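Engineer: structure for the following, please:
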Amino acid sequence: MSAEILVNVRPNLTRVAFVEEGVLMDFKEERAASPTLVGSIFRGKVLRVLPGMQAAFVDIGLDRSAFLYVGDVRQDVDHPPSFLLEEEDEGKPDSGASEESQEQTLPSTPIQELLRPGQMIMVQVAKDPLGTKGARITTHISFAGRNLVYMPTVNHLGVSRKIEREEERERLLKIVQELKPQGGIIVRTACEGAAKEDIESDLDYLQRLWSGVEKSYNKRKTPGLIHAELDVELRAIRDLLREGVQRVRVDDAKAHKKIVTFVSQFMPKFRDSVELYSGKAGLFDHYDIDLEISRALERKVWLKSGGYIVIDEAEALVVIDVNTGRYVGKKDLEDTILKINLEAVKEIVHQVRIRNLGGIIIIDFIDMEKPAHREKVMAQLAQELAKDTVRTTLTPMSEFGLVEMTRKRTRPSLVSSLCEPCPYCDGTSYVKKVSTVAQEIFMSLEREPGKAAAKADSSLVVRCRADVADWIYNEEQETLEFIEKKLGQTVVFRVEGDFHVEQFEVGDQLRPPE
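Structural biologist: Residues are numbered from 1 along each chain as shown. Below you'll find the model as predicted:
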């Protein structure tokens, strides 16, 4: 399959798109003002140790304290934590376990015996701050190279399970054993077929990087950054540039020079694949990337057949619903449902990758009666997810047609990055009907009898939106007369154009003297 990596650079924003067969398969963007922290290393100061949570809050020089779970505190150098074995453990049943499930198995040593307030420690960011939560950190340091993941704080040698040929796995493991690294090594999927010289060069670079980090840590006396992760364009090149990628197109001369230098040093065989784009149309416009990004921000996504999926992001999970829409099928109902579900599988995985959805994801497929059809849909879903570079875990389909999956989340989703809660509905995604607001006005008026007795010569004034007042005069005239009779006062509506639809105020107004 032919693929391309597109790098769009602006003064304060860098965007990277991975396009395969003309289809956007992955998208990353990073603003200069708020780069990702994942992979960056800090000198941290323990602020509080919470035995009840088996966690600690650590000051790393950011606005919010970082969260350190006991499972991420270095204890046994022979057993690195599961998230560091992501590439090696891909394919294992528990490799994509959620954060919560991983934390159910507590380490033998409680956190209060490992850390104390005021202690200075070296930590690495594992997850960016999300919502109101601070960054999640670990004391297990790791450096990702082109061919290797180097873990200086553990003793472990492993090979990515995505390298399936046993003889190749044995060859690579033998090479890293001969190199005798000072620390742990995981051979990455991209290392398949690599020469010993390339692997040795990669390891030498990562070990020198670690040496520099140690010096920076010892030199710094206060909490703060000591090593920043690569820029987004270089991370994308490191992780996405592989066999099958025809070219890397960059629309900025400075970024092009930086990428060429990086590729020449670490992936020299791809050096000629990097080119400076100078077309009249914008790079992303030339490939309709912006159109695809806009589509990824919509709640409803249409399928080619006429069906559609609905994607709702909540704080706790993501729910994806599959619907037949305009598609009515040609043969029978079961065939129609199967076709929609199979088509939805590809689009769902596609949207999950582009939107960078993570955590718990629930997929509500259209109910299928035949077990063979369910198995076919699940097999297709597993096949599509296998192409994703982010680890996922898939559970069997329930009797209600629901599929639960987890996907590792290290950075905010596309919607969280590009959008903010609606200031009108305050992020609830709904507002009260005018009929509901009208009833609330009537209930508020009925609480006014005490004031009415004190000011019998006054009228009550209701300030509200025009559509609410119109509804009351047109649909609730009888109720309004009932309220006026009960209060012994007239009710006057004053229209306020700048009011929220749910906003109203009830007050009194003295009648002018006759």
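
Engineer: and the residue nearest the centre of the chain, what is it in contact with?
Structural biologist: Closest to where the C-alpha atoms of the chain average out (Cα atoms, centre = their mean) is residue 413, at 3.0 Å. Residues near residue 413 by Cβ atoms under 8 Å, 6 or more residues apart in numbering: 313, 355, 356, 357, 358. Every residue, glycine included, has its C-beta placed from N, CA and C.

Engineer: and the nearest residue to it once chain neighbours are set aside, what are its phi and psi?
Structural biologist: Nearest non-adjacent residue to residue 413, counting by Cβ to Cβ, 6 or more residues apart in numbering: residue 356, 5.1 Å away. Note on residue 356: its backbone torsions stand at phi 50, psi 50 [degrees, to the nearest 10].

Engineer: and residue 356, what is it in contact with?
Structural biologist: Contacts of residue 356 by Cβ under 8 Å, 6+ apart are 27, 409, 411, 412, 413, 414.

Engineer: for the closest residue to residue 355 other than its chain neighbours, give me the pLDDT.
Structural biologist: Leaving aside its sequence neighbours, residue 355 sits nearest to residue 414 (Cβ to Cβ, 6+ apart; 4.5 Å). Looking at residue 414, its pLDDT reads 86.

Engineer: again with residue 411
Structural biologist: The model's pLDDT for residue 411 equals 76.

Engineer: for residue 89, same thing?
Structural biologist: On the pLDDT scale, residue 89 gets 47.

Engineer: ok, now the one 10 residues further on?
Structural biologist: Note for residue 99: predicted pLDDT of 40.

Engineer: buried stuff in stretch 274-294?
Structural biologist: Neighbour-count burial for stretch 274-294, counted by 16 or more other Cβ atoms under 10 Å, picks out 274, 277, 283, 284, 287, 289, 292, 293.

Engineer: do stretch 125-140 as well
Structural biologist: Along stretch 125-140, these residues count as buried under the neighbour rule (16+ other Cβ under 10 Å): 125-130, 134-140.

Engineer: please apply the same query to stretch 34-52.
Structural biologist: 36, 37, 38, 39, 40, 41, 42, 43, 44, 45, 46, 49.

Engineer: and the next element down the chain from the helix or strand of the chain with the lowest mean pLDDT?
Structural biologist: Among the helices and strands of the chain, helix 99-102 carries the lowest confidence by mean pLDDT, DSSP states H and E, at a mean of 39. Scanning forward in sequence from helix 99-102 by DSSP states H and E, the next helix or strand is strand 120-127.

Engineer: in a markdown table: the buried residues of stretch 125-140, plus distance to residue 72 and pLDDT.
Structural biologist: Output for the buried residues of stretch 125-140, formatted as a markdown table (distance: Cβ to Cβ, whole Å; pLDDT from 0 to 100):
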| residue | distance to residue 72 | pLDDT |
| --- | --- | --- |
| 125 | 11 | 93 |
| 126 | 7 | 89 |
| 127 | 11 | 88 |
| 128 | 15 | 86 |
| 129 | 16 | 84 |
| 130 | 16 | 76 |
| 134 | 14 | 88 |
| 135 | 12 | 90 |
| 136 | 8 | 92 |
| 137 | 7 | 93 |
| 138 | 4 | 92 |
| 139 | 6 | 92 |
| 140 | 7 | 90 |
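
Engineer: relative to residue 228, which of the buried residues of stretch 274-294 is nearest.
Structural biologist: residue 274 (22.9 Å; Cβ to Cβ).

Engineer: before we move on, the earlier item: so which of the buried residues of stretch 34-52 sit within strands?
Structural biologist: When DSSP state E is applied, these are split such that 41, 42, 43, 44, 45, 46, 49 fall in strands.

Engineer: can you put those in CSV and add pLDDT and distance to residue 245?
Structural biologist: Formatted as CSV, these follow (pLDDT from 0 to 100; distance: Cβ to Cβ, whole Å):
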residue, pLDDT, distance to residue 245
41, 95, 29
42, 96, 33
43, 94, 37
44, 94, 38
45, 94, 43
46, 95, 44
49, 94, 47
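
Engineer: nearest to residue 251 among these?
Structural biologist: Nearest member of those to residue 251, counting by Cβ to Cβ, is residue 41, at 31.2 Å.

Engineer: next, count neighbours for residue 30.
Structural biologist: 20 (other Cβ atoms under 10 Å).

Engineer: so which bits of the helix or strand encompassing it are buried?
Structural biologist: Element membership of residue 30 [criterion: DSSP H and E] is strand 23-31. Across strand 23-31, burial judged by 16+ other Cβ under 10 Å covers 24, 25, 26, 27, 28, 30.

Engineer: could you dump these to TSV with pLDDT and distance to residue 148?
Structural biologist: As requested, the buried residues of strand 23-31 are exported to TSV (pLDDT from 0 to 100; distance: Cβ to Cβ, whole Å):
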residue	pLDDT	distance to residue 148
24	89	29
25	86	25
26	86	22
27	89	26
28	88	22
30	87	24
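
Engineer: if we can go back for a sec, quick check, the residue nearest to residue 355 in contact with residue 28.
Structural biologist: No: under the criterion of Cβ atoms under 8 Å, residue 414 makes no contact with residue 28, lying 9.5 Å away.
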